[in-house]
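[1] what follows is a predicted structure for the sequence shown.
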Amino acid sequence: MKIEVNCEKVLDKEVKAQTHAGVIYVPRSWIGKKTKVLLLEPLEEEAQG
């Protein structure tokens, strides 16, 4: 898949576990801003099937 996006900044982060969800921490200055999250690895259940 090829995706082209115009953006202001890029962060490479790993999703961390938090209770019943995953979380990615970004700078406080990003609060209220629009973002996009891209999954770059297959999920385990997709890889097995």
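    That came through fine. Residues are numbered from 1 along each chain as shown.
[2] quick one: the strands in this structure, in order.
    Using DSSP state E, the strands of the chain run over 16-18, 21-23.
[3] in CSV: these, plus distance to residue 39.
    (Glycine included, C-beta is placed from N, CA and C.) Shown next, in CSV, are the strands of the chain (distance: least, C-beta to C-beta, whole Å):
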stretch, distance to residue 39
strand 16-18, 15
strand 21-23, 10
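[4] wait, what's in contact with the residue nearest the centre of the chain?
    Geometric centre of the chain, nearest residue: residue 37, 3.4 Å, by C-alpha atoms, centre = their mean. Contacts were defined as C-beta atoms under 8 Å, 6 or more residues apart in numbering; by that measure residue 37 touches residue 24.
[5] now swap in residue 3 and tell me
    Going by C-beta under 8 Å, 6+ apart, residue 3 touches residue 38.
[6] low-confidence ranges, the chain, go.
    Scanning the chain for pLDDT under 70 picks out 46-49.
[7] ranges for the helices of it?
    Shown for the chain, the helices assigned by DSSP state H span residues 44-48.
[8] to residue 8, which of the strands of the chain lies closest?
    strand 21-23 (21.4 Å; C-beta to C-beta).
[9] what pairs with that closest one, parallel or antiparallel?
    The strands beside strand 21-23 in its sheet (DSSP bridges) come out as strand 16-18 (antiparallel).
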